[in-house]
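Q: Need coordinates for the following:
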Amino acid sequence: MKSGILLDMKNICKEYPGVQALDNVPFQLEAGEIHALLGENGAGKSTLIKVLTGAESLTSGAVFLNGKSVRVKNPLQAQHMGISTVYQEVNLCPNLSVSENIHIGREPRTRYGLIDWKTMESRSRELLAGFDLDIDVIRALDNYSVAVQQMVAIARSCDISARILILDEPTSSLTDTEVDKLFSVMRRLRDEGMGIIFVTHFLDQVYQVCDRITVLRNGRYICTENTKALDKVSLVGRMIGKDYSELSGSRTSREETGDKDILMDVRGLYKSGTISPLNLSLRQGEILGFGGLLGSGRSEAARVIFGADRPDGGDLSLEGEPALFKTPLEGIRAGLAFCPEERKVEGIVGELSIRDNIMLALQAKKGMTKPLDPDEVDRLTRKYIELLQIKTPDEHQTVKNLSGGNQQKVILARWLATDPRILILDEPTRGIDVGTKAEIQKIMISLADGGMSVVFISSEIDEMMRCCERMVVLKDRAVVCELSGETLTESRVMQSIAGKGE
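A: The predicted model follows:
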């Protein structure tokens, strides 16, 4: 394994209008190490990476590569310097072939100046074989899974002789098997002398694969530690600046839900090819969990209930009155709210302000021909920015400039502004830092304590156990069991997901 300081960033400062995104942050990366860069959303991780890759210019500070001072002006220059980045959302060209993506901008040429397709494809196969990837390099990239696309992006990085590889949330959409394969590749690249910066919210993965950890908080440097020397509880404390025990809020009245009035009753509700007939109820002021693996039907069930997907049959009633929703607007006007799983695609409108984003659902509920009262808009916007502790200079900030956790809070504020009876939250804490995650959990519990009914979907069973009073477990697009009280245990949930003991 090669060693020595590969990258040395000193006193990095980055200022935006009204915001100090990075405040004298240092960061060192050694050759032949996997270095985790951790912190809450808004801690400065993305900004530091943008400065390193030339996507943003630094305000002050210095960057050294192999001991030599450099000024990275743009991502292309960073690539020429041996710095390559693979993002969660792979930034390659899905319509081009695998081979074209690997060699784009560096295509081998014949003596006549034409692209040498045969050589390019042969090189691609040889390169991918080193990653245990046997795929048709002539097919378009979008024919392959996210995991394969990420491997192609990493292979491209190796082909351009990158010395520094930045992996920004690469495992969010991968299965456990795909994660294991990625980690195997990362370890091999590390052993060959590459320096890898690994940005993730999955702390267990940090302890699986990383040699060192650097923590940022609120744009400031907190610490750099050897992974083996920093236990998980201490790490969480440094990331959020709080004692971990403060985050352990839990719902204590799980066993008492049986005497609550049923607010919503669903019988035989289904959509062909999407979700089998659903039979479930939701009580006043409870948090009902939808458990199961990805693809189990959790999100599909929520969308059919809300009216985002039109059901093919079945019944739904609210307080005993028929209320089957064929469109989201019908659901909104009946008092339902739905925070979707894909917040960047189906949630936020990035170019609009926080104020405008918060008011979207309320305006739809009232009707587009009935303008909202400006004073009421100002009051509601300020109320929910304060209630949800949205970190922003003011309500006119463009939403795309907020961290992921604060974007999630804006979506939550949008639906709370409609004063819903039922709030459906689909993966509201996915991809956000542990501190904001705990805040959203506490808000959800507080809303239920106040009488709102909540449907909560999460891939993290421990999170569901902390928050839910009952849970319906789905498997293969159907409900396989309902758990509550003493039967609601992590082992029972896991057994049900696995198809045992329903």
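Q: OK, contacts around the residue nearest to residue 164 when sequence neighbours are not counted?
A: Once flanking residues are discounted, residue 164 sits nearest to residue 83: 4.6 Å by C-beta to C-beta, 6 or more residues apart in numbering. C-beta: built from backbone N, CA, C; applies to glycine. By C-beta atoms under 8 Å, 6 or more residues apart in numbering, the contact list for residue 83 reads 52-53, 72, 162-164, 166.
Q: Tell me which of those has the lowest pLDDT.
A: Among the contacts of residue 83, residue 162 carries the weakest pLDDT, at 84.
Q: Can you give me the neighbour number for residue 43?
A: The local packing of residue 43 (other C-beta atoms under 10 Å) involves 26 other residues.
Q: helix/strand/coil for it?
A: Reduced to three states with DSSP: H, G, I helix; E, B strand; the rest coil, the structure at residue 43 is coil.
Q: quick one: it and residue 22, what's the gap?
A: Residue 43 is 10 Å from residue 22, where distance means C-beta to C-beta, to the nearest Å.
Q: For the stretch 1-150 of the chain, just list every one of the strands.
A: 5-16, 19-30, 33-38, 60-65, 68-70, 83-87 (DSSP state E, counting those that start in this stretch).
Q: so who does residue 449 touch?
A: So residue 449 contacts residue 285 (C-beta under 8 Å, 6+ apart).
Q: Kindly list the main-chain dihedrals of it?
A: phi -60, psi -30 (degrees, to the nearest 10).
Q: What of the one 10 residues further on?
A: Backbone geometry at residue 459, expressed as degrees, to the nearest 10, gives phi -80, psi -10.
Q: where does it sit relative to residue 289, distance-wise?
A: 11 Å.
Q: Comparing those two, which residue is more hemmed in?
A: Using other C-beta under 10 Å as the criterion, residue 459 and residue 289 rank with residue 289 on top: 26 against 15.
Q: Pretty sure that one sits against residue 474.
A: No: contact between residue 289 and residue 474 fails when scored by C-beta atoms under 8 Å: they sit 10.4 Å apart.
Q: returning to what we had before: can you select the buried ones among the contacts of residue 83 for me in PyMOL?
A: If you want just the buried ones from the contacts of residue 83 in PyMOL, going by 16 or more other C-beta atoms under 10 Å, the selection is:
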select buried, resi 52+53+72+162+163+164+166
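Q: could the contacts of residue 83 go into a markdown table alongside distance to residue 207?
A: Below are the contacts of residue 83 laid out as a markdown table (distance: C-beta to C-beta, whole Å):
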| residue | distance to residue 207 |
| --- | --- |
| 52 | 24 |
| 53 | 26 |
| 72 | 31 |
| 162 | 25 |
| 163 | 25 |
| 164 | 22 |
| 166 | 20 |
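Q: Give me the subset of the contacts of residue 83 lying in helices.
A: Counting by DSSP state H, the contacts of residue 83 place 52-53 in helices.
Q: residues touching residue 348, list them.
A: 357, 399-400, 407, 410-411.
Q: tell me the domain boundaries of the protein?
A: Here the domain parsing of the chain from automatic domain parsing is 5-244, 248-335+420-502, 342-419.
Q: tell me the mean pLDDT for the last one?
A: The predicted model gives domain 342-419 an average pLDDT of 82.
Q: Now residue 90: closest residue in space, sequence neighbours ignored.
A: Of all residues not flanking residue 90 in the chain, residue 149 sits nearest, at 4.4 Å (C-beta to C-beta, 6+ apart).
Q: got the contact list for the one you found?
A: Shown in contact with residue 149 (C-beta under 8 Å, 6+ apart): 90, 92, 94, 141.
Q: change it to 7 Å
A: By C-beta atoms under 7 Å, 6 or more residues apart in numbering, the contact set of residue 149 is 90, 92, 141.
Q: what does residue 261 give?
A: Counting by C-beta under 7 Å, 6+ apart, residue 261 makes contact with 283-284.
Q: how close does it get to residue 334?
A: Distance from residue 261 to residue 334, counting by C-beta to C-beta: 17 Å.
Q: picking up where we left off before, okay, the strands of the stretch 1-150 of the chain in CSV with mean pLDDT and distance to residue 278 next?
A: Shown next, in CSV, are the strands of the stretch 1-150 of the chain (pLDDT from 0 to 100; distance: least, C-beta to C-beta, whole Å):
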stretch, mean pLDDT, distance to residue 278
strand 5-16, 94, 46
strand 19-30, 94, 45
strand 33-38, 96, 39
strand 60-65, 95, 55
strand 68-70, 94, 58
strand 83-87, 86, 36
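Q: Quick check: which of these is buried the most?
A: strand 33-38 (a mean of 24; mean count of other C-beta atoms under 10 Å).
Q: wait, which of the contacts of residue 149 is closest to residue 454?
A: Proximity of these to residue 454 (C-beta to C-beta) peaks at residue 90, which lies at 33.8 Å.
Q: Output the below-cut-off pLDDT ranges for this protein.
A: Residue ranges of the chain with pLDDT under 70: 1-3, 40-41, 88-89, 173, 240, 242-259, 293-295, 342-346, 431-433, 498-502.
Q: still on that earlier bit, what is the nearest of the contacts of residue 348 to residue 178?
A: Of all the contacts of residue 348, residue 407 has the smallest distance to residue 178: 26.2 Å, by C-beta to C-beta.
Q: Okay then, goodbye and thanks.
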